[in-house]
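Chemist: Curious how this folds, go ahead:
(one chain, ligands or ions: 2)
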Amino acid sequence: MEIDRKTFLGSLGGADAINQMDSEARADALEHQMLSDLNRAVVKKQNGDQDESKRETKKYPTAAEVENQIETRTFRQGAGFLIVPRTRGNVTKLPPMPPNPTLFDFFKLRFTDTSNHVLQSANLAMKNGMSEEIILACMLHDVVQEIIRTDHGWWGAQLFEPYVSERVVFAIRYHQALRYYPDPSVGYEYPDMYRELFGSDYVPPPYIEATYQAVRKHKWYMDARLVTVNDLYAFDPNAVVTIDPFIDIIGRHFKQPKEGLGEDGSPVAHMWRTIARPDRPL
Ligand SMILES: [Fe+2]
Ligand SMILES: [Fe+2]
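Modeler: Ligands and ions are numbered 1, 2, ... in the order given. Okay, here's the model as predicted:
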């Protein structure tokens, strides 16, 4: 998927604003822009072209507001899309979750801003002949961004830890760090888009570098790497993907608790309840 360079740079506040952002913030801004463009493209396809410009200006914030005008804002960019929708105006009531909610219910009713992206990623992984565990990792890798965006690899891994294999957890946890580092052995290059948009001085923060160095030597390195290979950079923005092709894979590799996600007393049940009920004040 391509994004318009000039428009995007402008949305960040221009060169001066970009120079003041750290590398992680720049990458987050780009990822959010691409998620936004992807979602908008899908909405456009579903609704027709009418009123597109209005939707664009209404729905999404700029990254410059986050990094350079933090004190002018009422929220921080680390907040998840479900908790703080990047729209103007009031939030709407969410549809109720059914009893004993499943992963499918969360995809359908709560993963509004992330499901298109992760399902396209899983679809690409399937087309590329990835293992079922890699496909599952792709399907889950970014959905935690509904509640929290900062360090979403770590948060996402934790969210799924009781329900998937250790390898899937590993792949989700470390995809975030690996996206900054090329691996020609599988055709993963440092994204040209990062270079083109942010210049060649892009340096990930030390903890990301340290994580990369450790993961690079790990026996499951390739599991996390293959999530990045099937991540954001080569999507057809007009594709609409459903969860249907992945039902069997989920059945085989996702340990759905019979009480429902959030109701099973697991160490991460509170995270699922937060996704289910983000309007609760406490
Ligand atoms: Fe990610
Ligand atoms: Fe992603």
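Chemist: The closest residue to Thr112 other than its chain neighbours: how many residues sit nearby?
Modeler: By the measure of C-beta to C-beta, 6 or more residues apart in numbering, the closest residue to Thr112 outside its immediate chain neighbours is Leu82, 6.8 Å from it. Using the backbone N, CA and C atoms, a C-beta is placed for each residue, glycine as well. By other C-beta atoms under 10 Å, the residues close to Leu82 number 21.
Chemist: Over to Leu82. Which of the three states is it?
Modeler: Under DSSP: H, G, I helix; E, B strand; the rest coil, Leu82 falls in the coil class.
Chemist: Contacts only, for it.
Modeler: Shown in contact with Leu82 (C-beta atoms under 8 Å, 6 or more residues apart in numbering): Arg110, Thr112, Asp113, Glu146, Ile147, Ile275, Pro278.
Chemist: Keep only those of those residues that are in strands.
Modeler: Using DSSP state E, no member of those falls in strands.
Chemist: From these, keep the buried residues only.
Modeler: By neighbour count, with 16 or more other C-beta atoms under 10 Å, the contacts of Leu82 hold Arg110, Asp113, Glu146, Ile147, Ile275, Pro278 as buried.
Chemist: So among the residues you listed, where is pLDDT lowest?
Modeler: The lowest pLDDT within the buried ones among the contacts of Leu82 belongs to Asp113, with 90.
Chemist: so that residue touches Arg149, yeah?
Modeler: No - contact between Asp113 and Arg149 fails when scored by C-beta atoms under 8 Å: they sit 10.5 Å apart.
Chemist: Need the overlap of contacts for these two.
Modeler: Phe81.
Chemist: And stretch 159-177, what's buried?
Modeler: Those would be 159-161, 163-165, 167-177, for stretch 159-177 by 16+ other C-beta under 10 Å.
Chemist: ugh, wrong one, I meant stretch 144-152
Modeler: Of all the residues in stretch 144-152, those buried under the rule 16+ other C-beta under 10 Å are Val144, Gln145, Glu146, Ile147, Ile148, Arg149, Asp151, His152.
Chemist: Stretch 78-98 now?
Modeler: Ala79, Gly80, Phe81, Leu82, Ile83, Val84, Pro85, Arg86, Met97.
Chemist: Quick one: end-to-end distance for that stretch.
Modeler: End-to-end distance for stretch 78-98, by C-alpha to C-alpha, to the nearest Å: 28 Å.
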